[in-house]
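S.K.: Predicted coordinates and the sequence they were generated for:
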Number of protein chains: 2
Amino acid sequence: MDNTITDLLFKHVSVRSFTNEVLPDEVVKKLVTVAQAASTASFQQSYSIIDVVDENLREKVTQASRNQRFMNQGGRLFIFCADLNRNNQMAKDLGLDVTQTIEGLDATLAGTIDATLAAQNMVIAAESMGLGVCFIGGVRDNIEEVSELLNIPDHVFPVYGLVIGHPKDKLNDIKPRLPFEAVYHKNQYADKIDIVRSYNIKTNEYYNKRYGKKTDRNWARTAVNSLIKLPRSFMKSYLNSHNLSKH
Amino acid sequence: MDNTITDLLFKHVSVRSFTNEVLPDEVVKKLVTVAQAASTASFQQSYSIIDVVDENLREKVTQASRNQRFMNQGGRLFIFCADLNRNNQMAKDLGLDVTQTIEGLDATLAGTIDATLAAQNMVIAAESMGLGVCFIGGVRDNIEEVSELLNIPDHVFPVYGLVIGHPKDKLNDIKPRLPFEAVYHKNQYADKIDIVRSYNIKTNEYYNKRYGKKTDRNWARTAVNSLIKLPRSFMKSYLNSHNLSKH
């Protein structure tokens, strides 16, 4: 059942430190083309990928994304966008009006899905070439500013960034995921909270090993802290201002 | 640059016809575990996977999903859910309140992203084992009914289904994607509409070959028709009723 591909998928860790070795344009073209080979919802292909190569612009996008410095230290920075603008323009070309659909919440989800199917293909292709990757949800922390920097029009929004480059340091240990039984349900959704609680003990051991000292850090604390710190409560008004998720 | 993994990714086509060969539980466990190895937004792991194996239930879910018969003819049917309920419960365990965050629109997007990163890993693992897959956005067409059938609680919603099984027929030709230049932007989002128009000619040729006759079908017509037919204008009120995307 296991093969070289599942082996690669199991080895995934995020990489936040890259060498200065340049990722050539032909590799980028390959990665984007592989991304495009993924499924897309109703074959709408509702996404776009922005490759931020201008140094000054990349620095500004980095600062707007909670200033995670590794975003601008080696590698390439791609911004994955949900893009309903293209579909809207094609409808106009045909003399049809689809704004009611694309300005609804479901289209925002569909664009997010399409961007993410493409992104995950790109991740796997990159890792198969020995490259390292890190998603940057932080582009949504100042989404208005990032959108202005990238000239994002109506009916489009940046979902996250993806940094891809040559890993500089030894990779982190693989972070233990929730137990299989916690995410897998048979026939109907079931309460799994006891399984999740036992997992917190396991993740505490992971963090103690990673930091080389005893901490109280575990999955629940880390995940919950991040939910408290980053509510992104502006998202609805931002999307509405881009004529998305209006109804 | 190309390798066995990129070769596999480039070969992806949707499969809608499966043999009756049973997909054993150990394969399912492997596929779900590989899915879990993907990145997740802020390591929230905000998704759940429901494996619909009860025949009666699977038939009902199939009928509720625009009755796409192949959903219940061979293979296994997985429903990928965005799941903020787990995170909410863990916060409660810690005596903290994160409902403001998880009931906002950004958390709905984060759960959708997490479900999709996991799903695409599962797709690739399945295809690496010679299996075929098809996403079923149709589970959102009667999302209220599907949610009741699957006992979906507050703060959780089904994003799509994924059917995985042994392909029965010869696979379709790979559907040509938008040209690289249409989805790839350098530094800033740019208007690409002329490139998209040329692509419509190419997709018309693909459909003529697939159907063995001259048609007016192309990408734009197909995509736009589907946007007109499936506005899913109930999505906001559905999500609100599950205490999601409320603000």
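M.R.: Yep, it's here.
S.K.: drop to CA atoms for contacts and neighbour counts, all remaining ones
M.R.: OK.
S.K.: How much space separates residue A:163 from chain B?
M.R.: 13 Å (C-alpha to the nearest C-alpha, to the nearest Å).
S.K.: wouldn't that residue be in contact with residue A:75 here?
M.R.: Yes. Taking C-alpha atoms under 8 Å as the definition, residue A:163 is a contact partner of residue A:75 at 6.4 Å.
S.K.: Just name the shakiest helix or strand of chain A by mean pLDDT.
M.R.: Ranked by mean pLDDT, DSSP states H and E, the weakest helix or strand in chain A is helix A:193-211, scoring a mean of 91.
S.K.: quick one: is it near chain B?
M.R.: Yes. Against chain B, helix A:193-211 shows contacts by C-alpha under 8 Å from any C-alpha of the partner chain at residue A:193.
S.K.: what do you get for stretch A:173-180?
M.R.: Yes. Using C-alpha under 8 Å from any C-alpha, stretch A:173-180 comes into contact with chain B via A:177, A:178, A:180.
S.K.: Roughly how far does the residue of chain A most remote from its centre sit from chain B?
M.R.: Note on chain A: the largest C-alpha distance from the chain mean falls to residue A:95, namely 34.5 Å (C-alpha atoms, centre = their mean). Going from residue A:95 to chain B by C-alpha to the nearest C-alpha gives 11 Å.
S.K.: Pretty sure that residue sits in a helix.
M.R.: No. Counting by DSSP: H, G, I helix; E, B strand; the rest coil, residue A:95 is not found in a helix; it is coil.
S.K.: could you measure it against residue A:233, distance?
M.R.: Distance of residue A:95 to residue A:233, computed by C-alpha to C-alpha, to the nearest Å: 37 Å.
S.K.: Over to residue A:72?
M.R.: 27 Å.
S.K.: try residue A:70
M.R.: Counting by C-alpha to C-alpha - residue A:70 and residue A:233 are separated by 26 Å.
S.K.: okay, the two: which has more neighbours?
M.R.: A direct count of neighbours by other C-alpha atoms under 10 Å in any protein chain shown for residue A:70 and residue A:233 places residue A:233 higher, at 18 against 15.
S.K.: For the more buried one, give me phi and psi.
M.R.: Per-residue torsions, residue A:233: phi -70, psi 0 (degrees, to the nearest 10).
S.K.: If we ignore the residues flanking it in sequence, what's nearest it?
M.R.: Excluding its sequence neighbours, the residue lying closest to residue A:233 (C-alpha to C-alpha, 6 or more residues apart in numbering or on different chains) is residue B:104, at 6.5 Å.
S.K.: isn't residue A:235 right up against residue B:103?
M.R.: No. Counting by C-alpha under 8 Å, residue A:235 stays clear of residue B:103, with 11.8 Å between them.
S.K.: next SSE after the longest helix seen in chain A?
M.R.: When chain A is scanned for its longest helix (criterion: DSSP state H), the result is helix A:105-128. Downstream of helix A:105-128, the next assigned helix or strand under DSSP states H and E is strand A:132-136.
S.K.: what's the offset of the helix or strand just after that next one from the middle of its chain?
M.R.: With elements assigned by DSSP H and E, the helix or strand that comes after strand A:132-136 is helix A:143-149. In terms of C-alpha atoms, centre = their mean, to the nearest Å, the centre of helix A:143-149 is found 17 Å from the chain centre.
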